[in-house]
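K.L.:
sequence and predicted structure are below.
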Amino acid sequence: MRVLFLLYGLAAYLLFFVATLYGIGFVGNLWVPKGIDDGVPTTIGFAIVVNVALLLLFAVQHNIMARRWFKDWWTRFVPRPIERSTYVAAASLILLLLFWQWRPIPETVWHVDGALGRWLLWALYFLGWAIVFYSSFVIDHFELFGLKQVWMHFMGREPQTAPFSERSIYRWVRHPLMLGFILAFWSAPTMSLGRLLFAVVTTVWILIAIQIEERDLAEFLGEPYRNYRKRTPMLVPWPRSKRRNED
């Protein structure tokens, strides 16, 4: 069973990796067979309904399966070592469904003509994704995506939750991973109406999800996290004052 759990976790991680790489190309209309502006256009109203429904499906799954009350119920049916891998696999499959069924709305909202401006926006686009990946490794990338749990189970060891600490980019902003997503989604040399819809809906979802996650973190981590929340900005980083650092 340990070997099967390990293989399951590896498969879920591979699925996440494929979905993420495809997502980078999809949002930026780069390299992939079907980008966010590719496909046969339909009526704007129908496209909005389908696209928002796909985004909401991902948001609902992502938020509900991440809640502690759901995990407590869910692990009565799904073994705890593969709970996170199952979550990652479900999110990745929904993303792939979104990429497949997304309806393009190619009308242009803005287009940057200058080479310097376009290169700057592309740099910000890839910087956003770099922040996402970097942030995940700061907080333990392999635990976040389920590999650590199945590996610890394979080795016959109990997983240990790392104590709360402020490190690297998390000293400047509480949610750098979400900041990276927002930066990537909005950094468009050519912004179509479809990509604007994607950016607006995902940004609203991120802001709501942060509030839910912070409530859970405050309950789980207690006073250390509440103090961290008081002195560290949520999404827009700025240097912390000397007095705040001393507090």
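P.N.:
On my side now, so go ahead.
K.L.:
gap between the residue lying closest to Glu158 once chain neighbours are set aside and Ala59?
P.N.:
Spatially, and ignoring its direct neighbours in sequence, Glu158 is nearest to Met152 (6.9 Å; C-beta to C-beta, 6 or more residues apart in numbering). C-beta here means a position set from N, CA and C on the backbone, and glycine is covered the same way. The gap separating Met152 from Ala59 is 30 Å, by C-beta to C-beta, to the nearest Å.
K.L.:
neighbour count for those two, which is higher?
P.N.:
Ala59 (18 against 15; other C-beta atoms under 10 Å).
K.L.:
let me know the pLDDT of Met155.
P.N.:
On the pLDDT scale, Met155 is placed at 89.
K.L.:
report how many residues lie close to it.
P.N.:
Around Met155 there are 9 residues (other C-beta under 10 Å).
K.L.:
now for it: which residues touch it?
P.N.:
Contact analysis of Met155 by C-beta atoms under 8 Å, 6 or more residues apart in numbering lists nothing.
K.L.:
could you do Arg80 as well?
P.N.:
Contacts of Arg80 by C-beta under 8 Å, 6+ apart are Gln149.
K.L.:
distance check, it against Asn63.
P.N.:
Distance from Arg80 to Asn63, by C-beta to C-beta: 20 Å.
K.L.:
low pLDDT regions in this protein?
P.N.:
161-163, 239-247 (pLDDT under 70).
K.L.:
for it, just list every one of the helices.
P.N.:
Using DSSP state H, the helices of the chain run over 2-28, 44-64, 68-74, 83-101, 115-138, 141-144, 147-154, 176-186, 193-221, 223-231, 242-246.
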